[in-house]
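[1] Predicted model, plus sequence, below.
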Amino acid sequence: MCLICLYLSVDEFASIHERFINQPFRDASNGPQRFYFSWVIPYGILVVAVVTLYVRFILRLPREIGRLIVVSGFVYVTSTVGLELIGGRYCDTHTGPHADLVLALFVMCEETLEKAAILVLVYALMSYLSRYVEGCTFRITSSPSD
(Lines give C-alpha, C1' and ligand atoms only; values in the text may rest on other atoms or scores of the structure.)
Protein backbone atom coordinates (compact mmCIF):
# COMPACT_ATOMS: atom_id res chain seq x y z
CA MET A 1 0.00 0.00 0.00
CA CYS A 2 2.92 2.29 0.81
CA LEU A 3 4.46 1.73 -2.63
CA ILE A 4 1.14 2.44 -4.33
CA CYS A 5 0.77 5.73 -2.43
CA LEU A 6 4.39 6.63 -3.19
CA TYR A 7 3.87 5.99 -6.91
CA LEU A 8 0.64 8.02 -6.95
CA SER A 9 2.37 10.98 -5.28
CA VAL A 10 5.31 10.81 -7.72
CA ASP A 11 2.87 10.50 -10.63
CA GLU A 12 0.93 13.54 -9.40
CA PHE A 13 4.15 15.56 -9.06
CA ALA A 14 5.90 14.42 -12.24
CA SER A 15 2.79 14.00 -14.43
CA ILE A 16 3.84 10.50 -15.45
CA HIS A 17 0.44 9.54 -16.82
CA GLU A 18 0.23 12.70 -18.94
CA ARG A 19 3.76 12.33 -20.36
CA PHE A 20 4.02 8.62 -21.00
CA ILE A 21 0.45 7.56 -21.70
CA ASN A 22 -1.62 10.53 -22.89
CA GLN A 23 1.04 12.20 -25.04
CA PRO A 24 1.81 9.15 -27.22
CA PHE A 25 -1.91 8.65 -27.91
CA ARG A 26 -2.35 12.31 -28.84
CA ASP A 27 0.72 12.24 -31.08
CA ALA A 28 -0.40 9.05 -32.83
CA SER A 29 -3.87 10.43 -33.48
CA ASN A 30 -2.79 13.91 -34.65
CA GLY A 31 -4.07 15.53 -31.51
CA PRO A 32 -7.81 14.95 -31.03
CA GLN A 33 -8.88 15.53 -27.46
CA ARG A 34 -10.65 12.19 -27.17
CA PHE A 35 -7.26 10.64 -26.46
CA TYR A 36 -6.24 13.27 -23.95
CA PHE A 37 -7.37 11.21 -20.98
CA SER A 38 -6.36 7.80 -22.33
CA TRP A 39 -4.43 7.05 -19.13
CA VAL A 40 -7.68 5.91 -17.49
CA ILE A 41 -7.60 2.63 -19.44
CA PRO A 42 -4.31 1.19 -18.09
CA TYR A 43 -4.84 2.78 -14.67
CA GLY A 44 -8.36 1.34 -14.53
CA ILE A 45 -6.93 -2.12 -15.14
CA LEU A 46 -4.42 -1.50 -12.34
CA VAL A 47 -7.23 -0.42 -9.99
CA VAL A 48 -9.09 -3.68 -10.64
CA ALA A 49 -5.87 -5.63 -9.96
CA VAL A 50 -5.16 -3.75 -6.72
CA VAL A 51 -8.73 -4.16 -5.48
CA THR A 52 -8.53 -7.88 -6.23
CA LEU A 53 -5.26 -8.17 -4.31
CA TYR A 54 -6.48 -6.18 -1.29
CA VAL A 55 -10.01 -7.56 -0.80
CA ARG A 56 -8.91 -10.17 1.75
CA PHE A 57 -6.78 -7.60 3.57
CA ILE A 58 -9.68 -5.14 3.85
CA LEU A 59 -12.09 -7.88 4.99
CA ARG A 60 -9.73 -8.84 7.82
CA LEU A 61 -9.58 -5.31 9.21
CA PRO A 62 -11.99 -4.09 11.88
CA ARG A 63 -15.23 -3.18 10.11
CA GLU A 64 -15.05 0.60 10.72
CA ILE A 65 -11.43 0.84 9.52
CA GLY A 66 -12.17 -1.29 6.45
CA ARG A 67 -15.16 0.88 5.56
CA LEU A 68 -13.10 4.05 5.84
CA ILE A 69 -10.40 2.62 3.59
CA VAL A 70 -13.00 1.48 1.03
CA VAL A 71 -14.71 4.90 1.10
CA SER A 72 -11.34 6.60 0.72
CA GLY A 73 -10.38 4.45 -2.26
CA PHE A 74 -13.81 4.82 -3.87
CA VAL A 75 -13.80 8.62 -3.57
CA TYR A 76 -10.21 8.83 -4.82
CA VAL A 77 -10.74 6.61 -7.86
CA THR A 78 -14.16 7.93 -8.84
CA SER A 79 -13.11 11.55 -8.50
CA THR A 80 -9.86 11.00 -10.37
CA VAL A 81 -11.20 8.87 -13.20
CA GLY A 82 -14.76 10.18 -13.29
CA LEU A 83 -13.97 13.87 -13.30
CA GLU A 84 -11.09 13.39 -15.75
CA LEU A 85 -13.43 11.62 -18.18
CA ILE A 86 -16.17 14.21 -17.76
CA GLY A 87 -13.60 17.00 -18.19
CA GLY A 88 -12.16 15.28 -21.25
CA ARG A 89 -15.59 14.96 -22.81
CA TYR A 90 -16.25 18.60 -22.02
CA CYS A 91 -12.97 19.55 -23.76
CA ASP A 92 -14.10 17.58 -26.82
CA THR A 93 -17.33 19.53 -27.17
CA HIS A 94 -16.60 23.04 -25.86
CA THR A 95 -14.08 25.76 -26.64
CA GLY A 96 -13.48 29.35 -25.60
CA PRO A 97 -12.88 31.19 -22.34
CA HIS A 98 -15.97 29.75 -20.64
CA ALA A 99 -14.74 26.24 -21.42
CA ASP A 100 -11.44 27.05 -19.70
CA LEU A 101 -13.29 28.21 -16.59
CA VAL A 102 -15.51 25.13 -16.49
CA LEU A 103 -12.53 22.85 -17.01
CA ALA A 104 -10.70 24.64 -14.17
CA LEU A 105 -13.73 23.96 -11.95
CA PHE A 106 -13.61 20.26 -12.90
CA VAL A 107 -9.92 20.17 -11.97
CA MET A 108 -10.57 21.98 -8.68
CA CYS A 109 -13.34 19.53 -7.74
CA GLU A 110 -11.17 16.56 -8.70
CA GLU A 111 -8.18 17.75 -6.68
CA THR A 112 -10.34 18.62 -3.67
CA LEU A 113 -11.98 15.20 -3.65
CA GLU A 114 -8.60 13.47 -4.06
CA LYS A 115 -7.21 15.33 -1.06
CA ALA A 116 -10.34 14.58 0.98
CA ALA A 117 -9.96 10.88 0.15
CA ILE A 118 -6.33 10.97 1.26
CA LEU A 119 -7.37 12.59 4.55
CA VAL A 120 -9.94 9.85 5.13
CA LEU A 121 -7.26 7.22 4.47
CA VAL A 122 -4.84 8.88 6.89
CA TYR A 123 -7.61 9.10 9.50
CA ALA A 124 -8.41 5.40 9.04
CA LEU A 125 -4.78 4.38 9.40
CA MET A 126 -4.22 6.59 12.45
CA SER A 127 -7.43 5.27 14.01
CA TYR A 128 -6.26 1.72 13.49
CA LEU A 129 -2.89 2.45 15.05
CA SER A 130 -4.31 4.29 18.06
CA ARG A 131 -6.98 1.66 18.75
CA TYR A 132 -5.20 -1.60 17.98
CA VAL A 133 -1.48 -1.01 18.45
CA GLU A 134 -0.60 -0.89 22.12
CA GLY A 135 1.26 2.22 23.23
CA CYS A 136 0.55 4.15 20.03
CA THR A 137 -1.22 7.46 20.57
CA PHE A 138 -1.59 10.63 18.54
CA ARG A 139 -1.98 14.15 19.78
CA ILE A 140 -2.37 17.11 17.49
CA THR A 141 -1.74 20.52 18.97
CA SER A 142 -1.23 23.97 17.64
CA SER A 143 1.26 26.44 18.94
CA PRO A 144 0.22 30.04 19.50
CA SER A 145 1.23 32.53 16.84
CA ASP A 146 4.10 34.84 17.71
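    Thanks, I have the structure now.

[2] Which strands and helices lie in contact with the helix or strand hosting Leu129?
    Element membership of Leu129 [criterion: DSSP states H and E] is helix 97-132. Judged by 3 or more Cβ pairs under 8 Å, 6 or more residues apart in numbering; DSSP states H and E, the packing partners of helix 97-132 are helix 63-77, helix 83-93. Where you see a C-beta, it was placed from the backbone N, CA and C, and this is true even at glycine.

[3] How about the secondary structure of Ala49?
    helix (DSSP: H, G, I helix; E, B strand; the rest coil).

[4] got a list of what it touches?
    Applying Cβ atoms under 8 Å, 6 or more residues apart in numbering to Ala49 gives no contacts.

[5] What separation is there between it and Pro42?
    In this structure, Ala49 and Pro42 are 11 Å apart, going by Cβ to Cβ, to the nearest Å.

[6] His17 is in contact with Asp11, correct?
    Yes - at 5.8 Å, Asp11 counts as touching His17 under the criterion of Cβ atoms under 8 Å.

[7] if you count what's nearby, which of the two comes out ahead?
    Applying other Cβ atoms under 10 Å to Asp11 and His17 shows that His17 carries more neighbours, namely 19 against 16.

[8] any residues touching the helix or strand containing the more buried one, and which ones?
    Element membership of His17 [criterion: DSSP H and E] is helix 16-17. Applying Cβ under 8 Å, 6+ apart, the external contacts of helix 16-17 come out as 10-11, 39, 43.

[9] mind running it again at 10 Å?
    7-8, 10-11, 23, 37-40, 42-43, 80, 84 (Cβ atoms under 10 Å, 6 or more residues apart in numbering).

[10] now the helices and strands packed on helix 97-132 in JSON lines, with mean neighbour count?
    Shown next, in JSON lines, are the helices and strands packed on helix 97-132 (neighbours: other Cβ atoms under 10 Å):
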{"stretch": "helix 63-77", "mean neighbour count": "16"}
{"stretch": "helix 83-93", "mean neighbour count": "16"}
